[in-house]
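Sequence and computational prediction follow.
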Amino acid sequence: MNSPEMAVLRERCGFFDMGPPDGFDVLVPDDAFNRIVGRNAEGVSYMELVCPEDREAVGETLRDVYEQGKQLTVGRLPRACGSIRHRIVLPDDSVITAVLTFGYSANGTLACSVIQAYETFSGDTLKKYKSNNVMESFAVSMAVVDISDDGRFFVRHANSDFYRMIGWNRVEYKEMFNNGLGDDVIAPEDFGVFRYTLLSLTEENRESVFETRVLHVSGGASVNEVRARYLYAENKRPLISLIFMDVTERNRLRKELLIKNERFNIIQQQTDQLVFDYDAERDRCVFSGDLSRAEKYLPMYEIDRKNRELVVEDFFAGKFALGVMSNEDYNRFCEAFADAIIYGLSGEVDFLLSFIGQSAGLWYRCTFSTVKDDMGTVVRIVGRLKNIDKQKKSELMMEKRVYNDTLTGLLNKDTAMNKIRVFLQNETQDSDNADKYHALIIIDMDNFRMINEVFGHTFGDDVIREFASDIKSSFRDTDIVGRIGGDEFMILMKNVTQKDW
């Protein structure tokens with residue numbers, strides 16, 4: 001048992017007891033343990049000896065065994081045990097790797113042994129080892145630079161992505177630039193800002209984010225967002241960590257998007273269309289495009305000139321549209337949006353907008369589509385408002401010519417008789433209308449031919465128009481009034497109150 005191997009083992013193995021998890025204090029350590037950790041560890045928390053990066057894992061393992069041990073009863077033998085490999089920091093800041101083995105004892109402590117597993121690394125060697133390995137684990141270009149007394153930058157550590165970004169390998173870079181980081185790597189036009197920013201970093205002003213162009217050995221350049229952070233000073237030389245994120249493509253796409261938005265805004269300004277985006281969850285509608293009429297006729301709403309938008313909060317709750325629409329159009333508009341939200345339907349609806357200070361209303365067509373979330377719920381309605389005033393009024397005029405008498409504006413013969421026929425058919429099919437009465441009236445003008453012969457047809461047309469106007473005003477809007485001949489008129493009075501009227 002006195003072999004050289006056993007002597008080495010005794011040299012590298014120490015024993016001690018460990019207190020409960022509230023402190024994990026070292027109790028009654030032997031000389032071998034004190035020699036391994038480089039101090040008299042009696043009463044010191046074991047966690048103070050453990051490398052900071054390993055403390056969480058060691059603490060969690062020790063707590064688990066401690067809790068398991070309290071729940072088991074096997075005499076005075078260790079009730080639960082375990083082991084974990086971790087690093088120990090020595091008083092000179094060097095680090096050793098050790099294996100801690102432990103078991104729960106009946107007296108409520110942990111019986112422990114520590115075996116030194118590997119040779120000691122110096123502090124500088126460990127820092128370099130840790131720095132390089134941590135940086136290699138990130139998929140971005142990283143470097144740590146120090147600043148010389150004359151304000152020059154030198155790469156202390158860097159990962160492989162950093163060297164790929166500039167097109168040099170580590171050896172070539174060191175031979176070519178002596179690990180210096182200057183305007184051979186950072187674009188000369190940007191190096192002034194780069195240098196000023198890094199020199200401005202201190203313990204009080206630790207971090208800065210900026211963009212710079214980085215040169216590649218091939219002659220190209222990439223635009224990078226740089227996150228610079230002050231770490232600490234070593235021998236009065238500040239150490240700065242740099243993270244480079246290539247944003248060349250992002251900036252290109254952003255520029256393209258800005259150009260497209262500008263084109264879209266120009267097109268909108270040259271048309272009479274309004275684009276809208278309705279947020280169904282917030283009841284908020286944003287209009288963009290031709291806001292000239294809104295600015296003129298809706299002075300109560302403030303237009304965001306910078307973003308060229310009109311934002312209306314509480315769009316439906318505040319009944320915004322009701323102020324510029326008739327009740328009938330507003331109801332149709334609300335029904336269309338309700339169907340869109342409930343059933344996810346796209347569609348269109350026409351309505352007449354009447355603005356403050358405007359003598360005649362303008363016809364608009366609202367065309368819209370829905371946007372749904374992952375659950376299929378409609379969250380937005382987007383679309384456009386197009387001015388169709390000329391088209392709509394032309395259509396209404398044509399309809400009027402088809403269905404109305406051109407001289408009087410009343411329904412023509414075919415339209416009046418068809419409406420009367422449809423109404424009576426519907427009434428007879430509904431049993432609830434059995435007790436309702438309607439009156440059919442035919443009116444003609446006596447001696448109208450004489451008026452034409454004596455005063456002329458122009459005067460006769462005026463008489464017909466005046467007579468038609470009197471008839472129209474004498475009946476209700478719900479009644480059907482039409483001109484069925486030269487001087488003959490037909491009226492259907494709906495729902496008269498007396499049978500013998």
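On my side now, so go ahead.

so residue 440 makes contact with residue 494?
No. Residue 440 is beyond contact range of residue 494, at 10.5 Å (criterion: CB atoms under 8 Å). C-beta: built from backbone N, CA, C; applies to glycine.

The two: which has the busier surroundings?
Legend: neighbour count by other CB atoms under 10 Å for residue 440 and residue 494, higher for residue 494 (17 against 11).

ok but the more buried one is inside a strand, no?
Yes. Under DSSP: H, G, I helix; E, B strand; the rest coil, residue 494 sits within a strand.

Contact partners for residue 210?
Contacts for residue 210 were tallied using CB atoms under 8 Å, 6 or more residues apart in numbering; they are 193, 194, 197, 225, 226, 228.

meant to ask about residue 422, not that
Residue 422 sits in contact with no residue, where contact means CB under 8 Å, 6+ apart.

Which strand or helix spans it?
Per DSSP states H and E, residue 422 falls inside helix 413-429.

now the angle from the helix or strand that that helix is followed by to helix 413-429?
For helix 413-429, the following helix or strand on the C-terminal side (DSSP H and E) is strand 437-444. Strand 437-444 and helix 413-429 are oriented at 160 degrees to each other (axes from the mean of the first three to the mean of the last three CA atoms, to 10 degrees).

buried stuff in the following helix or strand past strand 437-444?
On the C-terminal side of strand 437-444, the nearest following helix or strand under DSSP H and E is helix 448-455. Buried residues in helix 448-455, counting neighbours by 16 or more other CB atoms under 10 Å, are found at 448, 451, 452.

burial count for the closest residue to the last one other than its chain neighbours?
If I follow you right, that is residue 452. Nearest non-adjacent residue to residue 452, counting by CB to CB, 6 or more residues apart in numbering: residue 460, 4.1 Å away. Counted by other CB under 10 Å, the residues lying close to residue 460 total 20.

and the gap between residue 460 and residue 407?
10 Å (CB to CB, to the nearest Å).

ok, now residue 49?
From residue 49 to residue 407 the distance is 109 Å (CB to CB).

Look at these two and report which has more neighbours.
Comparing residue 49 with residue 407 by other CB under 10 Å, the one with more neighbours is residue 49, at 24 against 14.

so what's the more buried one up against?
26, 37, 41, 88, 89 are the contacts of residue 49 under CB under 8 Å, 6+ apart.

returning to what we had before: so which of the buried residues of helix 448-455 would you say is closest to residue 259?
Nearest to residue 259 among the buried residues of helix 448-455 is residue 452, at 70.1 Å by CB to CB.

Domains in this structure, by residue range?
4-121, 124-246, 274-392, 404-496 (automatic domain parsing).

mind putting the ones you listed in CSV, distance to residue 256 and mean pLDDT included?
Shown next, in CSV, are these (distance: least, CB to CB, whole Å; pLDDT from 0 to 100):
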stretch, distance to residue 256, mean pLDDT
domain 4-121, 44, 79
domain 124-246, 15, 86
domain 274-392, 19, 81
domain 404-496, 54, 88
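
want to try TSV for those domains, with distance to residue 258 as columns?
Converted to TSV, the domains of the chain look like this (distance: least, CB to CB, whole Å):
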stretch	distance to residue 258
domain 4-121	45
domain 124-246	16
domain 274-392	13
domain 404-496	53
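
How is the residue lying closest to residue 31 once chain neighbours are set aside assigned, secondary-structure-wise?
Excluding its sequence neighbours, the residue lying closest to residue 31 (CB to CB, 6+ apart) is residue 14, at 7.8 Å. Following three-state DSSP, residue 14 is assigned to strand.

Check the contact between residue 14 and residue 41; I expect there is one.
No. With contact defined as CB under 8 Å, residue 14 does not count as touching residue 41 (9.2 Å).

which residues are common contacts for the two?
29, 33, 34.

Can I get those in CSV including neighbour count?
Output for these, formatted as CSV (neighbours: other CB atoms under 10 Å):
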residue, neighbour count
29, 25
33, 21
34, 16
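
In helices, which of the residues you listed fall?
33, 34 (DSSP state H).

Grab the nearest non-local neighbour of residue 167.
The spatial neighbour of residue 167 that comes closest, neighbours along the chain excluded (CB to CB, 6+ apart), is residue 217 at 3.3 Å.

was I right about the one you found contacting residue 169?
No. Counting by CB under 8 Å, residue 217 sits too far from residue 169 to count as a contact (10.2 Å).

okay, now residue 15: neighbour count?
Residue 15 has 15 nearby residues by other CB under 10 Å.

quick one: contacts for it?
29, 30, 32, 33, 111, 112, 113, 114.

which two in the residues you listed are spaced the farthest apart?
Pairwise distances across these peak at 15.0 Å for 32 and 111 (criterion: CB to CB).

Which one's more surrounded, these two?
residue 32 (19 against 16).

distance of the nearest residue to that one once chain neighbours are set aside from residue 312?
Excluding the flanking residues, the one nearest residue 32 by CB to CB, 6+ apart is residue 14, at 3.8 Å. From residue 14 across to residue 312, the span is 76 Å (CB to CB).

and those two? which has more neighbours close in?
A count of neighbours by other CB under 10 Å puts residue 14 above the other of residue 14 and residue 312, at 22 against 19.

Quick check: beta-bridge partners of that one?
residue 114 (DSSP bridges).

residues in contact with it?
Contact analysis of residue 14 by CB under 8 Å, 6+ apart lists 29, 30, 31, 32, 33, 34, 35, 36, 37, 113, 114.

Any idea how many residues pack against the third one?
Which is residue 31. 10.

Please enumerate the strands of the stretch 51-200 of the chain.
81-89, 95-104, 110-116, 141-147, 153-158 (DSSP state E, counting those that start in this stretch).

Put together a markdown table for those strands, with distance to residue 396 on each row.
What follows is the strands of the stretch 51-200 of the chain, written out as a markdown table (distance: least, CB to CB, whole Å):
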| stretch | distance to residue 396 |
| --- | --- |
| strand 81-89 | 86 |
| strand 95-104 | 89 |
| strand 110-116 | 93 |
| strand 141-147 | 67 |
| strand 153-158 | 75 |
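
Can you say which of the ones you listed is nearest to residue 473?
Per CB to CB, nearest to residue 473 of the strands of the stretch 51-200 of the chain: strand 141-147, 84.8 Å.

Against residue 147, how distant is the nearest residue to residue 180 once chain neighbours are set aside?
The shortest distance from residue 180 to any non-neighbouring residue, by CB to CB, 6+ apart, is to residue 154 (5.6 Å). Per CB to CB, residue 154 is found 8 Å from residue 147.

More neighbours: which of those two?
Comparing residue 154 with residue 147 by other CB under 10 Å, the one with more neighbours is residue 147, at 19 against 16.

so the more buried one makes contact with residue 155?
No. Using CB under 8 Å, residue 147 is not in contact with residue 155; the gap is 11.6 Å.
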